[in-house]
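# quick one, structure for this:
(one chain, ligands or ions: 1)
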Amino acid sequence: MEKRLEGKVAAVTGGGQGMGRAISLRLAQEGARVVVADLKREQADQVAAEIGAVGGEAHVVEMDVRRPEHAQAMVDAAVQRFGGLDILVNNAGVGKIIPFLETTPQDWDFMFEVNCKGLLWCSQAAARTMISQGRGGRIINLASQAGRRGEALVLAYCASKAAVISMTQSMALALAEHQITVNAIAPGIVDTPFWEEVDRQFARLHNLPTGEPKRRAVASIPLGRIEQPEDVAGVAAFLASADAGYITQQCINVDGGNWPG
Ligand SMILES: NC(=O)c1ccc[n+]([C@@H]2O[C@H](COP(=O)([O-])OP(=O)(O)OC[C@H]3O[C@@H](n4cnc5c(N)ncnc54)[C@H](O)[C@@H]3O)[C@@H](O)[C@H]2O)c1
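Residues are numbered from 1 along each chain as shown. From the prediction side, this is the model:
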């Protein structure tokens, strides 16, 4: 594989499974040293071991993006262990399928605390270090096709991902003078543990057998197959690379053609 990220240091939140795992592996394969940050230590350790097994370097930080001091600790770990930070991937995210009228303050706060506030704390901590290093940087946010439109049973999650797209735009403008680019990726229906849970929740609400909501969702994807975490990882690596140096403030749909915008 081409080593476009040789000499770079990356941090990936939610790096312990799903897309975060695939992104961590891909960035490492392209030469970056990677801080794998996750709530779940054991899973993050496994990803670090996978990176080590292919000759890469990784460091695990157990953290909760909702805590600003944990976000800072993640960045400090990158600096102490690898000498700096060039790439932040804000991948950690949570979602819940709930009818509009049953959405509680706790549901709303949970999704916004992780998907938006957590993203802000991690980006602030990373940007401060990138600015002081004076060599630019990359921030890549995981939005969603859910941020492009509303869904009757997905109000809070859709709103949180629309906010991620908006935050990407504001951060890109705030950080452009420092040559730090900020972009987002909007995946579609990705084969990760996240969609297993989404499937169970849709199945319960629609009184369908488990697996049926996912089957129907996949059947409507123009490219005709479920998205793999690696589909997203390749785009994240591109956005982190010199090839994407003149791209900022964008949200790239990586969804098999689900959404045209
Ligand atoms: N799976 C999909 O179909 C899909 C589609 C579009 C967007 N997304 C978004 O992509 C991102 C990754 O999704 P995924 O499917 O890989 O999810 P996943 O649930 O499989 O994995 C998420 C990871 O984030 C970690 N995490 C959760 N909350 C955290 C917190 N507070 N602090 C630190 N780590 C935390 C989890 O421990 C887990 O390892 C999320 O932001 C999600 O909203 C997912």
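
# pull out the buried residues from stretch 172-181.
Using 16 or more other C-beta atoms under 10 Å as the test for burial, stretch 172-181 gives Ala172, Leu175, His178, Ile180, Thr181. For every residue, glycine as well, the C-beta is placed using N, CA and C.

# low pLDDT regions in the stretch 51-200 of the chain?
Scanning the stretch 51-200 of the chain for pLDDT under 70 picks out no residues.

# gap between the nearest residue to Met130 once chain neighbours are set aside and Pro105?
Using C-beta to C-beta, 6 or more residues apart in numbering and skipping the chain neighbours, the partner closest in space to Met130 is Gly137 (3.4 Å). Using C-beta to C-beta, to the nearest Å, Gly137 is found at 35 Å from Pro105.

# which one's more surrounded, these two?
Neighbours per residue (other C-beta atoms under 10 Å) separate Gly137 from Pro105, with Gly137 holding more: 25 against 7.

# list phi and psi for the more buried one.
phi 170, psi 180 (degrees, to the nearest 10).

# burial count for the residue of the stretch 51-200 of the chain found nearest the ligand?
Distance from the ligand to each residue of the stretch 51-200 of the chain (C-beta to the nearest ligand atom) is smallest for Gly93, at 2.0 Å. When neighbours are defined as other C-beta under 10 Å, Gly93 has 26 of them.

# quick revisit: identify the bridge partners of the residue nearest to Met130.
As for beta bridges, Gly137 partners with Ile180 under DSSP bridges.

# check which helix or strand covers Ile165.
Element membership for Ile165, per DSSP states H and E: helix 155-175.

# show me what that helix is packed up against.
Packing partners of helix 155-175 (3 or more C-beta pairs under 8 Å, 6 or more residues apart in numbering; DSSP states H and E): helix 105-112, helix 119-133, strand 137-142, strand 180-187.

# hmm, that helix in reach of the ligand?
No: Helix 155-175 is not in contact with the ligand by C-beta under 6 Å from any ligand atom; minimum separation 6.8 Å.

# and Asn253, helix, strand or coil?
Under DSSP: H, G, I helix; E, B strand; the rest coil, Asn253 falls in the strand class.

# so it versus Gln106, what's the distance?
Taken as C-beta to C-beta, the span from Asn253 to Gln106 is 31 Å.

# please apply the same query to Arg216.
For Arg216, the distance to Gln106 - C-beta to C-beta - is 29 Å.

# out of the two, which sits in the busier spot?
Arg216 (13 against 9).

# neighbouring contacts of the helix or strand hosting the more buried one?
Here Arg216 is covered by helix 212-219, with elements defined by DSSP H and E. Applying C-beta atoms under 8 Å, 6 or more residues apart in numbering, the contact partners of helix 212-219 are Ile189, Trp195, Val198, Asp199, Phe202, Ala203, His206, Arg225, Ile226.

# which non-adjacent residue is nearest the fifth one?
Here the nearest residue to Phe202 in space, its sequence neighbours aside, is Pro213; by C-beta to C-beta, 6+ apart that works out to 3.6 Å.
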